[in-house]
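Colleague: The sequence isn't on hand, but the structure is:
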């Protein structure tokens, strides 16, 4: 057998050319650099990518071809290549200007030549789906974009088995004590350390002033906590600080969470990240234990709420909304109650945080529809979270649920709650208009509880506006508050919307509401929430008048 090393010079040249051809089949540009990071050789589309011929690039510092915001990151990647032999391909930017070119950088270091060999591949538009934008100083993702990236990685199976959490205690104080240029350099180096350790160089985030996180590569070597601490100390010294100016604490959070589906894991993880970034000055042990506990607790909450929804393990109580002058029952609001005594407020709040509120709202609507089918004498209002109304899947499922029940459209109402703020007003408004065109009335709930309600009133056409109870209570002794509520009542009349008052507790509150121009009221004085039978009780013309002692 003839050894390759004994082949002729032509054979070696042919092999070299073949290797270059194979490499260029997978990359747009190949660059060889020496130990000082000077460019030795360039092969490929240098004119297109770098606006320079290969000969013009020879001798230049390789870091000069990268965007200035990524140069520290590129330097750390090259150091990593020299230490580990190679790096996982990472995305970074070439050149300056308005639209730097995004490329994947691969690097391999050969001990016999002590040179590093780089491959640069331009990323196609189809690949450019990573969340952004990145922070200009650190090059890191924000918390929301990081959550989106993590969720996507979990969904497509590319996520590693763990997530790294990093707290740099004292970093914000150190940054405040430095001139802006030095402070920016410090933060840029911190970001470069984290990005160099992250999956694809793009899976690291700044969660708060001192809290960071990154996803390590799913395969290959990962940095030890000791080596990371060493890197951060070197960063501090390079910025003119002592190596103890900020203290790193580094921990891992497992992404393996039993039998939960990928979406559930992502939501639980989001909650844990929020807990970490709001964790305060906790010790490493306390923080790690607290984070794991928060993750476990979140998963437990998710399971409980998911089971409640799947089994419809809740009941609806119905509280009357009455005409304040005639005391006739106008309609009933459906309120959830749980047999184990769980707080409806807490369950709904958690369902919103965990992304389950859409399924919960649909389950409540189904129960209300069942009651309306059995009781033709009732009109019922059900609550819809703003988070549900914004969700495209929920809107379509609700349409499908309602369409077979067009015969009861005038007896089903929807109350839009403010517990989850709506951001896409145009889409939400179009859906609420569809509900009203189809015959379902819409009520704006909790008016006065927050700033969003005023924005909703400007943007949405509604049939009713419900004044928040505490907002109304202040009107007893506050003339300014009474004037404000009276003006809201006048405005609603102009908009052809009726006003409902919440939490009416005595006759004097009824009189005050009537005086302020409010037509309808709800509260324990007018009737407590109670279950309703599926068969119609004795009623007068389908309406119950006056007060009912059994409700009290």
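Modeller: Cool, the structure landed. None of these values were measured; they are calculated from a predicted model.
Colleague: what about residue 313, neighbour count?
Modeller: Neighbour count of residue 313, defined by other C-beta atoms under 10 Å: 13. For glycine as for every other residue, the C-beta is placed from the backbone atoms N, C-alpha and C.
Colleague: a helix runs through it, doesn't it?
Modeller: No. Read with DSSP: H, G, I helix; E, B strand; the rest coil, residue 313 is coil and lies in no helix.
Colleague: For it, give me its contacts.
Modeller: Residue 313 makes contact with 307, 338-339, according to C-beta atoms under 8 Å, 6 or more residues apart in numbering.
Colleague: want to throw those residues into JSON lines with distance to residue 70?
Modeller: Output for the contacts of residue 313, formatted as JSON lines (distance: C-beta to C-beta, whole Å):
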{"residue": "307", "distance to residue 70": "47"}
{"residue": "338", "distance to residue 70": "52"}
{"residue": "339", "distance to residue 70": "57"}
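Colleague: Could you identify which of the residues you listed has the most neighbours?
Modeller: residue 338 (14 neighbours).
Colleague: The residue lying closest to that one once chain neighbours are set aside: what's it in contact with?
Modeller: Of all residues not flanking residue 338 in the chain, residue 314 sits nearest, at 5.3 Å (C-beta to C-beta, 6 or more residues apart in numbering). For residue 314, the contact set (C-beta under 8 Å, 6+ apart) comprises 308, 336-339, 363.
Colleague: Out of these, list just those in strands.
Modeller: Judged by DSSP state E, strands contain the following of those: 336-337.
Colleague: Check the contacts of residue 314 against residue 224 and report the nearest one.
Modeller: residue 308 (43.3 Å; C-beta to C-beta).
Colleague: Which stretches in the stretch 101-250 of the chain count as helices?
Modeller: For the stretch 101-250 of the chain, the helices defined by DSSP state H, counting those that start in this stretch cover 143-156, 171-176, 180-197, 225-238.
Colleague: Outside of stretch 521-537 itself, list whatever touches it.
Modeller: Against stretch 521-537 from outside (C-beta under 8 Å, 6+ apart): 315-322, 324, 327, 329, 332-333, 335, 337, 371, 374-378, 466, 469, 500-507, 509-510, 513, 547-548, 550-552.
Colleague: With stretch 317-332 instead?
Modeller: 333-337, 378-381, 413, 500-501, 510, 513-514, 518-522, 526-532, 543-547, 551.
Colleague: Okay, and which of those map to helices?
Modeller: Here DSSP state H is the test, and the contacts of stretch 317-332 give 510, 513-514 as lying in helices.
Colleague: I'd like those as TSV, with neighbour count and distance to residue 44 appended.
Modeller: What follows is those, written out as TSV (neighbours: other C-beta atoms under 10 Å; distance: C-beta to C-beta, whole Å):
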residue	neighbour count	distance to residue 44
510	21	82
513	24	77
514	14	82
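Colleague: From those residues, pick the one nearest residue 53.
Modeller: residue 513 (81.9 Å).
Colleague: so who does that closest one touch?
Modeller: 324, 472, 501, 504, 521.
Colleague: could you measure the nearest residue to the second one once chain neighbours are set aside against residue 494, distance?
Modeller: In space, not counting the residues next to it along the chain, residue 472 is nearest to residue 501; the distance is 5.5 Å by C-beta to C-beta, 6+ apart. According to C-beta to C-beta, to the nearest Å, residue 501 and residue 494 sit 19 Å apart.
Colleague: The two: which has the busier surroundings?
Modeller: The neighbour count for residue 501 versus residue 494, taken as other C-beta under 10 Å, is higher for residue 501 (29 against 8).
Colleague: Tell me where the model's unsure across the stretch 401-550 of the chain.
Modeller: 419-420, 449-453, 536-550 (pLDDT under 70).
Colleague: Point out where the stretch 151-300 of the chain drops to low pLDDT.
Modeller: Within the stretch 151-300 of the chain, the stretches with pLDDT under 70 are 219-222, 255-272, 275, 277-300.
Colleague: Strands along that one, start to end?
Modeller: 162-169, 204-206, 211-214, 247-254 (DSSP state E, counting those that start in this stretch).
Colleague: Any chance you could list what contacts the second one?
Modeller: Contacts of strand 204-206 from elsewhere in the structure, counted by C-beta under 8 Å, 6+ apart, are 135, 138, 140-143, 145-146, 191, 194-195, 197-198, 212-215.
Colleague: Could you single out the nearest of the ones in helices among the contacts of stretch 317-332 to residue 67?
Modeller: After measuring these against residue 67 - C-beta to C-beta - the closest member comes out as residue 513, at 62.7 Å.
Colleague: How many neighbouring residues does residue 101 have?
Modeller: Residue 101, neighbours per other C-beta under 10 Å, totals 17.
Colleague: my bad, residue 402
Modeller: So residue 402, with other C-beta under 10 Å, has 18 neighbours.
Colleague: residue nearest the centroid of the protein?
Modeller: Geometric centre of the chain, nearest residue: residue 144, 4.9 Å, by C-alpha atoms, centre = their mean.
Colleague: any idea how far residue 207 is from that residue?
Modeller: Where residue 207 is concerned, residue 144 sits at a distance of 10 Å (C-beta to C-beta).
Colleague: now do residue 159
Modeller: In terms of C-beta to C-beta, residue 159 sits 18 Å off from residue 207.
Colleague: Give the bridge partners for residue 465, please.
Modeller: Here residue 465 shows beta-bridge partners residue 444, residue 499, assigned using DSSP bridges.
Colleague: now, among the contacts of residue 513, which is nearest to residue 83?
Modeller: Nearest to residue 83 among these, with distances taken as C-beta to C-beta, is residue 472, at 67.1 Å.
Colleague: Alright, I will stop here.
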